[in-house]
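A.B. asks: generate coordinates for the sequence data below:
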Amino acid sequence: MKILMKPIEAITTHSREGIIRPERYRIMEDGETIVVHIDKILTRNEQKSEGSRELIFGCRGVINGCMKSFELKYIVPVCQWFLYRM
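C.D. replies: Numbers count the residues shown, from 1 in each chain. Next up, the predicted model:
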């Protein structure tokens with residue numbers, strides 16, 4: 001997978017226990033808005049980078065008609081989502 005680290009807008013849900021789950025995200029590519037629905041979350045990892053907490057989600061979803069795997073990163077202190085790797 002190639003590291004992209006592109007900022008995205010994400011729609012998420014939360015469990016009663018406070019576990020976050022991304023449902024879909026929106027990204028701008030070549031002046032066009034692309035919405036990706038997340039079919040399945042394969043992995044969920046937590047790490048610390050430079051003292052800040054980060055959540056990394058390994059996901060699968062349909063992008064331009066093809067099923068693709070990708071990773072989303074959520075940086076907790078600044079509440080930002082990124083398309084991390086694809």
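A.B. asks: pLDDT below threshold where in the protein?
C.D. replies: Counting by pLDDT under 70, the chain contains no low-confidence segment.
A.B. asks: change it to 90
C.D. replies: 1, 29, 49-51, 63-65 (pLDDT under 90).
A.B. asks: biggest strand in it by residues?
C.D. replies: Identified as the longest strand of the chain according to DSSP state E is strand 32-49.
A.B. asks: buried residues of that one, list them for me.
C.D. replies: In terms of neighbour count (16 or more other CB atoms under 10 Å), strand 32-49 has its buried residues at 36, 38. C-beta: built from backbone N, CA, C; applies to glycine.
A.B. asks: residue boundaries of the strands in this protein?
C.D. replies: For the chain, the strands defined by DSSP E cover 3-14, 20-29, 32-49, 52-63, 66-75, 80-85.
A.B. asks: most packed of the ones you listed?
C.D. replies: Highest mean neighbour count of the strands of the chain: strand 80-85, a mean of 18 (counted as mean count of other CB atoms under 10 Å).
A.B. asks: go ahead and measure how far that one is from the middle of the chain.
C.D. replies: 5 Å (CA atoms, centre = their mean, to the nearest Å).
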